[in-house]
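Enquirer: How does the following fold in three dimensions:
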Amino acid sequence: LQVLLSNSCLQINSDRLLDQVEAYEAAFTVCRDVGETGPERMSPPNVADYVKSAFTCGKVKVEVTDDQKVIEKEYPLMAAVNRCANTVKEHQARLVRLEYVGEGDIKDTYMMVGKGVTIDTGGCDLKTGGHMWGMCRDKYGSAVVAGFFKALEILKPKNIKAVGYMCMVRNSIGARSYTCDEVIKARSGKRIHIYNTDAEGRITMLDPLTRAKEEALNEKNPHLMTLATLTGHEVLTYGYYAAIMDNGPAKKSGWARKIQETGDLYGQPIEISRLHPEDFEFHKAECEQAHIRQGNTKPSVATLRGHQTPAAFLIMASRLDEHGCDSNHPLKFTHIDIGSAAGDHPETSLPNPLVTLVAESVLLLFRNFSILFNVCDDKAVAARVSVLSCLGVFHWVIGQRSSVRTYLLLLGMKQNCSQIAEIYR
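Expert: Okay, the predicted model is just below:
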């Protein structure tokens with residue numbers, strides 16, 4: 001790689017290129033290790049151990065909550081999902097907290113909560129007919145969070161702070177499984193009526209999201225996010241592209257639009273969905289003993305607006321609805337439903353939307369990143385392709401079903417794009 005980069009026909013405009021390549025490759029590795037590994041090798045305790053070993057240079061602080069009594073008290077809905085699995089020591093829940101604080105005055109704070117279900121049996125609403133296959137990837141939201149922090153560790157961006165929560169549980173079935181008809185009091189004080197144990201993702205993230213919201217009130221320009229492989233409805237709607245949904249303050253800032261534009265530029269498109277009043281109305285409780293209902297008894301694919309309503313649930317149940325545009329302390333919140341954007345088991349997964357999140361939150365801070373290469377003549381075309389192939393970046397393009405031209409334009413290679421694409425083919 002060093003030899004290729006020192007080639008006389010390669011003119012590098014960014015001395016951070018190697019850092020950027022290393023950051024993405026390391027982030028991909030961490031994301032894939034967590035996201036696509038099986039439920040035993042990456043059980044909740046093993047994920048926690050892996051993450052601690054992955055961040056050893058001190059730039060990212062890792063805290064693990066492993067005391068089950070603490071989890072039951074502080075994160076009661078997360079504990080409910082893991083209630084059955086807790087009977088097996090190797091499957092007990094873990095909450096992993098990551099924190100990065102850049103140098104200088106903090107201007108932006110990103111607070112991410114990732115769904116980390118190591119295997120989703122559906123619980124008492126059991127997945128049948130082979131639909132449990134591939135559910136080891138139901139932890140890909142947490143995997144993206146871990147990958148994001150690995151990129152931060154290497155790139156060391158200034159003036160930003162990031163906090164991440166990886167909610168690691170196992171939705172098992174057994175005598176101690178949580179069931180429909182239960183009413184569980186959340187960290188926020190809201191009482192949640194359980195309708196479907198296979199809608200475990202939203203309630204796994206809820207209490208950590210509530211904690212993140214509590215912390216956000218004291219942070220500089222905070223933006224809360226949830227990331228999850230949450231619904232089949234999202235897959236039916238957008239196929240292999242993730243969906244992004246903003247609350248009022250986030251929409252006012254134009255976050256989803258910026259993420260979509262960055263995703264298009266970086267070859268990892270994301271689709272925008274919108275929240276409407278009926279999404280919130282849907283989650284109002286139908287019984288007096290509860291404030292909010294978790295969902296309904298149907299799968300998301302048979303539910304009207306099946307991937308939008310979970311975002312409304314998270315907003316209502318965490319009390320983020322008390323921090324809208326008209327409040328004294330508005331809080332930006334974005335929900336990203338990854339769906340099947342990471343690819344299908346057992347194929348190698350695609351770290352999605354990791355590329356876009358790192359690009360929008362970190363790389364665009366480096367103003368010299370927009371043009372990394374200058375193409376000086378036609379003979380340099382093959383050298384560029386060799387470098388890009390060596391860097392392992394073309395799989396972003398091919399894997400994300402985007403055009404070679406899009407990625408070449410990203411790198412500032414505005415000349416000879418057609419020839420480069422032809423050579424690569």
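Enquirer: C-alpha from now on. contacts and neighbour counts both.
Expert: Will do.
Enquirer: Check which helices and strands the longest helix anywhere in the chain sits against.
Expert: Identified as the longest helix of the chain according to DSSP state H is helix 17-36. If contacts are counted by 3 or more CA pairs under 8 Å, 6 or more residues apart in numbering; DSSP states H and E, helix 17-36 sits against helix 140-155.
Enquirer: Next secondary structure after the helix it packs on?
Expert: For helix 140-155, the following helix or strand on the C-terminal side (DSSP states H and E) is strand 160-171.
Enquirer: Can you list the strands that the helix or strand just after that following strand pairs with?
Expert: Once the chain leaves strand 160-171, the next helix or strand it forms, by DSSP H and E, is strand 183-185. Strand 183-185 sits in its sheet next to strand 191-193 (antiparallel), going by DSSP bridges.
Enquirer: and the longest helix of the chain with helix 140-155, angle?
Expert: Per axes from the mean of the first three to the mean of the last three CA atoms, to 10 degrees, the angle that helix 17-36 makes with helix 140-155 is 160 degrees.
Enquirer: Low-confidence stretches in the stretch 101-250 of the chain?
Expert: Within the stretch 101-250 of the chain, no range satisfies pLDDT under 70.
Enquirer: Could you list the buried residues of the longest helix of the chain?
Expert: 17, 20-36 (16 or more other CA atoms under 10 Å).
Enquirer: repeat for stretch 230-240
Expert: For stretch 230-240, the neighbour count (16+ other CA under 10 Å) marks 230-235, 237-238, 240 as buried.
Enquirer: Using CSV, lay out those together with secondary structure.
Expert: CSV is the format used below for those (DSSP: H, G, I helix; E, B strand; the rest coil):
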residue, secondary structure
L230, coil
T231, coil
G232, helix
H233, helix
E234, helix
V235, helix
T237, helix
Y238, helix
Y240, coil
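Enquirer: Skip the chain neighbours and tell me the closest residue to L314.
Expert: L206 (6.2 Å; CA to CA, 6 or more residues apart in numbering).
Enquirer: SS state for that neighbour?
Expert: helix.
Enquirer: Now do the same contact list for it.
Expert: 77-78, 186, 314, 317-318 (CA atoms under 8 Å, 6 or more residues apart in numbering).
Enquirer: Which parts of this structure are strands?
Expert: Under the criterion DSSP state E, strands of the chain are mapped to 10-12, 60-65, 94-101, 108-120, 160-171, 183-185, 191-193, 222-228, 242-246, 270-272, 292-293, 332-337, 373-375.
Enquirer: R257: which of those strands is closest?
Expert: When the strands of the chain are compared by CA to CA, strand 270-272 sits nearest R257, at 7.6 Å.
Enquirer: how does the protein divide up, domain by domain?
Expert: Domain ranges of the chain: 2-8+370-424, 17-365, per automatic domain parsing.
Enquirer: Please report how far S172 lies from V64.
Expert: For S172, the distance to V64 equals 22 Å [CA to CA, to the nearest Å].
Enquirer: how about the buried residues of stretch 230-240 in JSON lines, adding distance to V88?
Expert: Formatted as JSON lines, the buried residues of stretch 230-240 follow (distance: CA to CA, whole Å):
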{"residue": "L230", "distance to V88": "25"}
{"residue": "T231", "distance to V88": "27"}
{"residue": "G232", "distance to V88": "29"}
{"residue": "H233", "distance to V88": "32"}
{"residue": "E234", "distance to V88": "33"}
{"residue": "V235", "distance to V88": "33"}
{"residue": "T237", "distance to V88": "37"}
{"residue": "Y238", "distance to V88": "37"}
{"residue": "Y240", "distance to V88": "35"}
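Enquirer: nearest to Y140, of those residues?
Expert: L230 (9.9 Å).
Enquirer: residues near the residue nearest to L236 when sequence neighbours are not counted, how many?
Expert: Nearest non-adjacent residue to L236, counting by CA to CA, 6+ apart: V301, 7.4 Å away. For V301, the number of neighbouring residues by other CA atoms under 10 Å comes to 16.
Enquirer: Hmm, A341 and Y240 touching each other?
Expert: Yes. Y240 lies in contact with A341 (CA atoms under 8 Å); the separation is 4.4 Å.
Enquirer: What's the local residue count around K73?
Expert: Using other CA under 10 Å: K73 sits among 12 other residues.
Enquirer: Mean neighbour count, the domains of the chain: which tops it?
Expert: Mean neighbours per residue, mean count of other CA atoms under 10 Å, is largest over the domains of the chain for domain 17-365, with a mean of 21.
Enquirer: Return the distance of stretch 311-321 from the chain's centre.
Expert: 18 Å (CA atoms, centre = their mean, to the nearest Å).
Enquirer: Actually, stretch 258-268.
Expert: Put simply, stretch 258-268 sits 15 Å off its chain's centre (CA atoms, centre = their mean).
Enquirer: May I have that stretch exported as PDB, CA atoms only?
Expert: Taking Å, rounded to 0.1, in the frame of the first residue of the first chain, the C-alpha atoms of stretch 258-268 are listed here in PDB:
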ATOM      1  CA  LYS A 258     -28.300  15.300   5.200                       C
ATOM      2  CA  ILE A 259     -27.800  11.600   6.000                       C
ATOM      3  CA  GLN A 260     -29.600  10.600   2.800                       C
ATOM      4  CA  GLU A 261     -27.400  12.900   0.700                       C
ATOM      5  CA  THR A 262     -24.300  11.600   2.300                       C
ATOM      6  CA  GLY A 263     -25.400   8.100   1.800                       C
ATOM      7  CA  ASP A 264     -25.900   8.700  -1.900                       C
ATOM      8  CA  LEU A 265     -22.500  10.200  -2.100                       C
ATOM      9  CA  TYR A 266     -20.800   7.400  -0.300                       C
ATOM     10  CA  GLY A 267     -22.600   4.600  -2.100                       C
ATOM     11  CA  GLN A 268     -24.800   3.600   0.900                       C
END
